[in-house]
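# Build me a model from this:
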Amino acid sequence: MFEMKVGKKFILAFILFCFLHQVNAQNNYVDSLKQRLASPKDDVDRTNSLGRLSLFYIFFYPDTAQIYGEQGLQLARKINYKAGEADCLMSLCISLTFSGNYAAALDYGLKASSLIEDLHDTTLLIWNQIQIATCYRQLEDYDQALIYGYRVLNLIKSFHTTPNQVSVGLGVIGTVYEKKNQLDSALYYEQRAFASDTSWCQIFQYIGQIYAKKGDLNTALDYYKRGLHNAVKENNSVGFIDLCNNLSKVFELRGQMDSSIFYARKSIPRAGIKTNPEGLLEASLQLARLYEMQGKPDSTIKYLKAANTLKDSLYNRKKTREAQNFSFNEKLHQQDLIAQQQKDENRIRIIILLAVILIFLLIAFFLWRNNRHKQKAKNRIEKAYSDLKSTQAQLIQTEKMASLGELTAGIAHEIQNPLNFVNNFSEVNKELLTEMNQEIEKGNLEEAKLIAKNVVDNEEKINHHGKRADAIVKGMLQHSRSSTNSKEATDINALAGEYLRLAYHGLRAKDNSFNATTKTDFDETIGNINIIPQDIGRVILNLINNAFYAVTEKKKQLGDGYDPIVSVSTKKDNGKVEIRVGDNGNGIPQKVLDKIFQPFFTTKPTGQGTGLGLSLSYDIVKAHGGELNVTTKEGEESEFTIQLPVN
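Model prediction:
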């Protein structure tokens, strides 16, 4: 019910706004133009007068505007006056848009475009692009409309423009999105247009219509009333009629029938039949329906007759427009035929070009035959490359086994805890079973049952810690074996926490003086994600080991005054999972920051690192469709971030 009727009214109200205010301030404006036309200085002056008269009549009598525009166009072409020709083409484009003949209007607008670009008239070019966008919008070619709309915005950004031009550029895009029923985008651009210039009534109307479509009738009503006030000030009959109709509809939806009738009737006596017959038809139909609901047949018949008269007028106008559109479409067909002919000529050129290429290929073939010895050199290079890849693979496996060795001490510490529990509970159960037998012999069955329950509870604990030990061993085996390239649903929080504990205890086993604070912050909403767990585990372990190494080195420098901290956190954001490993070590020097993911590059002393850890980690994360990044402050901290897609 609140479909936005935009296009010709919206854009033309913008274009004519400044002009019409000047006209209203000068009552003798038209008379002076006609007097000047009767005795012009020369043909240029006559062309300019015809163009200005055409522009003036557009808003009130578009048919008259077309007559003056055609006269001005013929004269401008006769005297080769390009600026006048561009002005008259634009005037015809606007007047035909107002008349509803969008195809013909588009034809004039496109003809004007190249002329205006040659004249380097930025202001006129902006209006021209807006009119073309409007025509495409009314022809329901929304993609083309948006292309020209965004061209307008680019022009506005590149040149000094008025607030009115900014409003137009933003507003035309908003109208296209509203037509596509993308109301949030439409409201965004219309509100930006409103922020640039609030002096014209239509912007209130269009924002109100968007809110009405969204169901916010109170906000819509507020904008309609404010727009109506401006329409009266502007003496804008088109806007006045549309705003009254919209107010009538809102009050009807709110059940306020008297107010609905009041605003619908305000539309009828206004001038505007030449430029807004659709609005008057809408008002007549609205009144007929409202009076019918109130049981007033005389008033109903009166406005139905008025509506039928307007329908006949619009029907004739539609038929004329369809005939003009057919002519325009035929012109486009002829242009397509020309384009096809051009395409055929291009095809012939391509065939000739291919023949020339074939000749060169034959020459290249003979040259290749005479230089076959180069192939032998190529074979030697390929063999050397194959040997290099084999060596690289061996180095990669060595790096994997090195990381496994670093885990060994941590695994031993982790596995010792569940084994101790198993042993201790087994001893306790042995004693409890002996005690239970004694109670049974005494005939104390209740006490025996209580002891038996304790035995069962202990067995469950033994089972739990046995499974814990089994999981640790399986994790070690999984880390050591080659990747299967098979993704599994994995709890990333559990994986990160496991490797943090193992890495920490492994370092403690190698150096019992080592100590560091570990912090975790896991996002419990992540759930399981599909990854290759042994590969991502290697990445996490490598980053944690590097963090522990960094804080250890800084501890050696600063002594007891320094508290080493390593943090591991996870977070789900925008369809991605982030794993962050940070430390408060010495950071990474800026001069080597770009090299840290290169193979064989390391900042560790000779013999303490292969330089493959971060390179392998980078490749693994990339293979998962993710990113591995680092942020650092030299002398203060470093943080590596793994970003992985959720699916």
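
# Quick one: the helices in the stretch 401-550 of the chain, in order.
445-480, 492-510, 533-558 (DSSP state H, counting those that start in this stretch).

# Against Ala448, how distant is the residue lying farthest from the centre of the chain?
In the chain, counting by CA atoms, centre = their mean, Lys442 sits farthest out from the average C-alpha position, at 80.7 Å. Going from Lys442 to Ala448 by CB to CB, to the nearest Å gives 9 Å. The way it works is simple: take the backbone N, C-alpha and C, and place the C-beta from them, glycine included.

# sorry, back to before: is it possible to get a markdown table of the helices of the stretch 401-550 of the chain that adds mean neighbour count and distance to Leu37?
Shown next, in a markdown table, are the helices of the stretch 401-550 of the chain (neighbours: other CB atoms under 10 Å; distance: least, CB to CB, whole Å):
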| stretch | mean neighbour count | distance to Leu37 |
| --- | --- | --- |
| helix 445-480 | 14 | 92 |
| helix 492-510 | 20 | 80 |
| helix 533-558 | 21 | 81 |
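
# of those, which approaches Asp31 most closely?
Between Asp31 and the helices of the stretch 401-550 of the chain, the tightest spacing by CB to CB is seen for helix 492-510, at 81.1 Å.

# So which elements touch the closest one?
Secondary-structure packing of helix 492-510 (3 or more CB pairs under 8 Å, 6 or more residues apart in numbering; DSSP states H and E): helix 373-442, strand 517-521, strand 528-531, helix 533-558, strand 565-573, strand 576-583.

# State the number of residues packed around Asn379.
Residues lying near Asn379 (other CB atoms under 10 Å) number 10.

# can you check Ala105 too?
Based on other CB under 10 Å, the number of other residues close to Ala105 is 27.

# ditto for Phe514
Phe514 sits with 16 neighbouring residues when counted by other CB under 10 Å.

# for Ser260, same thing?
23.

# Give me the helices and strands touching the one helix or strand it maps to, please.
Under DSSP states H and E, the secondary-structure element containing Ser260 is helix 257-267. Judged by 3+ CB pairs under 8 Å, 6+ apart, helix 257-267 is in contact with helix 237-253, helix 277-293.

# ok, of the helices and strands packed on helix 492-510, where does mean pLDDT dip lowest?
Lowest mean pLDDT within the helices and strands packed on helix 492-510: helix 373-442, at a mean of 67.

# Now the helix or strand containing Asn230: average pLDDT?
Element membership for Asn230, per DSSP H and E: helix 217-234. The average pLDDT within helix 217-234 is 87.

# Give me the buried positions along it.
Within helix 217-234, the residues scored as buried using 16 or more other CB atoms under 10 Å are 217, 220-221, 223-224, 226-228, 230-231, 234.

# Which single one of those is nearest to Asn423?
Leu217 (75.7 Å).

# Now that closest one. Nearest residue, chain neighbours left out?
Closest residue in space to Leu217, ignoring its immediate chain neighbours: Val250 at 5.5 Å, by CB to CB, 6 or more residues apart in numbering.

# which residues does the one you found contact?
By CB atoms under 8 Å, 6 or more residues apart in numbering, the contact set of Val250 is 212, 217, 220-221, 224.

# so who does Leu33 touch?
49, 52-53, 56.

# hmm, 6 Å instead?
49, 52-53 (CB atoms under 6 Å, 6 or more residues apart in numbering).

# try Ile492
Residues in contact with Ile492, defined by CB under 6 Å, 6+ apart, are 529, 570.

# how close does it sit to Val568?
Ile492 is 11 Å from Val568, by CB to CB.

# ditto for Glu140
Note on Glu140: its distance to Val568, by CB to CB, is 55 Å.

# Ok, Lys487 next?
Using CB to CB, we find Lys487 at a distance of 22 Å from Val568.

# what about the two, which has more around it?
A count of neighbours by other CB under 10 Å puts Val568 above the other of Lys487 and Val568, at 23 against 14.

# my guess is the more buried one meets Leu500, correct?
Yes - between Val568 and Leu500 a contact is recorded at 5.2 Å, counting by CB atoms under 6 Å.

# Okay, domains of this structure per the record?
What automatic domain parsing lists as the domains of the chain is 1-139, 230-321, 391-482, 483-647.

# before we move on, the earlier item: can you add distance to Gly171 and give the buried residues of helix 217-234 back as CSV?
Output for the buried residues of helix 217-234, formatted as CSV (distance: CB to CB, whole Å):
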residue, distance to Gly171
Leu217, 23
Ala220, 18
Leu221, 21
Tyr223, 14
Tyr224, 17
Arg226, 16
Gly227, 14
Leu228, 19
Asn230, 15
Ala231, 16
Glu234, 16
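
# Widest-spaced pair of those residues?
Greatest spacing in those, by CB to CB: Leu217 and Glu234 (25.2 Å).

# Run a quick neighbour tally on His373.
By other CB under 10 Å, the residues close to His373 number 7.

# can you tell me which residues contact the residue farthest from the centre of the chain?
Per CB under 6 Å, 6+ apart, neighbours of Lys442: none.
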